[in-house]
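Visitor: Take this sequence and fold it.
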Amino acid sequence: MTELQTSLIAIGGVIVVGVISYNKWQEWRAKKSVENAFSALQEDVLMGAGTRRHEPVLTNDEDPSTPEVRELAQQYDDAAQSEMPDADEDSAEFVGTAQPVTPQFIEAVLKPSPLDASIDCIISVFLDTPQRGEKLSTLFQGLRLVGNKSVQLIGQSETGHWETVAHGGAYHELQIGVQLATRSGPLTELEYSELVTGLNQLADEIGSQPDLPDMQQVMADARRLHQLILEFDAQLSVNVQAKSAPWMVSTLRPALQRQGLELRPDGRLVMPDGDGGMLFSLLTNASQSDDTSKLMTFLLPVPLVAPERDGFAAMTAFAKAMATRLSGVVVDDSGQPLSEQAMKEISAQVQAFYQAMEQAGVEAGSVRAQRLFG
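Guide: Presented below is the predicted three-dimensional model:
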């Protein structure tokens, strides 16, 4: 081997070592940038002003019912007392037998039905005699789904309120409900026919007859509901983009969780609202094979977050705080920086969107909205 060849080999080795060292230094730098950004985490504005938490408050230590329920209970008590005969002061035999109606009993009677006439096709099945819940559940087992739409079986219990049919219950009347539309489409004639066929078979087993609504009217209602879903199925996004070195994903995700984000079973990082729901979610835009990321995306499902929680303000406050800590910048989906003025304009549009939803009969964050857009 000549001296020239030996020199070239030596130089090549130095270059390889240099490249490896540089790559290691870049990884160390990215990791340290994230660690430093979250090294002294204290409570700050991103976990305060933007995120509104509503904790339950009991107005009375012994009575957790609402003022309206307590007022109704008092009316029942007064009526019961007025119907009681006057006691003879000289008689020790009279004992009042009328029992006051408790708020808990009234709440049971006034408990809303699991079905919603605005978004469900509801079919009544009248029963000649009460039926046990376990029998009904067994008969209904094969009709839990038509197409991709779930079917609910509810019954009127002995207390007079409607509930999902369950073992141990006895029911005087049934209602079968199927949601008229979902994000994937409206209830179709084929799906409705499948439902009707199954109900007729169920009714034969219990000696009854379903009160079927007109198919054409059901189809028209389904199309209208699906159009409403398309109109209000909105999601807002803002991004935080790294200015220079990318972030190490292995360090970034745990750090974000320490800031209040929760890792859901489906792999999403979400900011909880304190009541079991969420304010917004976050994507690191990294696949399982990626070690680093230069972009985080924050997503606000507008119909699912109640207006009073101000999800957009919470999301943008968090995004700006992360941009400051991680040496990034808040940008839109096209990569352009989002100014404060632009955020104010978007916030105003969100409020107008909420008002439009309310006028359409679907309040953002409500149970109805959760069923339609969840």
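Visitor: pLDDT wise, what is Ser7 at?
Guide: Ser7 carries a pLDDT value of 61.
Visitor: sorry, that was for Gly328
Guide: 96.
Visitor: quick one, what contacts Glu331?
Guide: Just so we're on the same page, residue 331 is Val rather than Glu. Residues near Val331 by Cβ atoms under 8 Å, 6 or more residues apart in numbering: Val238, Asn239, Val240, Gln241, Pro337, Leu338. For the C-beta atoms, the positions are set from N, CA and C on the backbone; glycine is no exception.
Visitor: Among the residues you listed, which one sits closest to Pro254?
Guide: Set against Pro254, the nearest of those by Cβ to Cβ is Val240 (17.2 Å).
Visitor: Hmm, that closest one is touching Leu326, no?
Guide: Yes - here Val240 reaches Leu326: they are 6.9 Å apart, a contact under Cβ atoms under 8 Å.
Visitor: In terms of neighbours, single out the busier of the two.
Guide: For Val240 and Leu326, the more surrounded residue by other Cβ atoms under 10 Å is Val240, and the numbers stand at 24 against 21.
Visitor: Gly328 and Ser334: what is the separation?
Guide: Applying Cβ to Cβ, to the nearest Å, the value for Gly328 to Ser334 is 16 Å.
Visitor: nope, Val350 is what I was after
Guide: 20 Å.
Visitor: May I see the domains of the protein written out as residue ranges?
Guide: 109-229, 233-373 (automatic domain parsing).
Visitor: okay, and for the stretch 1-150 of the chain, where does confidence drop off?
Guide: Residue ranges of the stretch 1-150 of the chain with pLDDT under 70: 1-111.
Visitor: how about the strands of the stretch 101-250 of the chain, start to end?
Guide: 120-132, 145-146, 149-156, 162-164, 170-179, 181-182, 185-186, 209-211, 235-242, 247-248 (DSSP state E, counting those that start in this stretch).
Visitor: Just the residues contacting the longest one, thanks.
Guide: To tie it back to what came earlier, the one meant is strand 120-132. 115, 152, 155, 169-180, 187, 192, 195, 199, 202-203, 206-213, 218, 221-222.
Visitor: How about the fourth one?
Guide: Contacting residues not belonging to strand 162-164 are listed as 111-115, 152-157, 169, 175 [Cβ under 8 Å, 6+ apart].
Visitor: State the mean pLDDT of that strand.
Guide: 94.
Visitor: Which neighbours in the sheet does that strand have, and how are they oriented?
Guide: strand 149-156 (antiparallel) (DSSP bridges).
Visitor: Pro114 contacts Ile154, correct?
Guide: Yes - Pro114 is in contact with Ile154 according to Cβ under 8 Å; the separation is 5.4 Å.
Visitor: If you count surrounding residues, which of those two has more?
Guide: Ile154 (21 against 15).
Visitor: Spit out the contact partners of that one.
Guide: Per Cβ under 8 Å, 6+ apart, neighbours of Ile154: Ser113, Pro114, Leu115, Trp162, Glu163, Thr164, Val165, Leu174, Gln175, Ile176, Gly177.
Visitor: Closest to Leu300 out of those?
Guide: The closest of the contacts of Ile154 to Leu300 turns out to be Pro114 (Cβ to Cβ; 28.1 Å).
Visitor: Check the spacing between that closest one and Phe280 real quick.
Guide: With distances taken as Cβ to Cβ, Pro114 is found 28 Å from Phe280.
Visitor: Specify which residue of Val350 and Ser334 has the higher count of neighbours.
Guide: Val350 (21 against 6).
Visitor: any idea how far the more buried one lies from Thr292?
Guide: Counting by Cβ to Cβ, the gap from Val350 to Thr292 is 32 Å.
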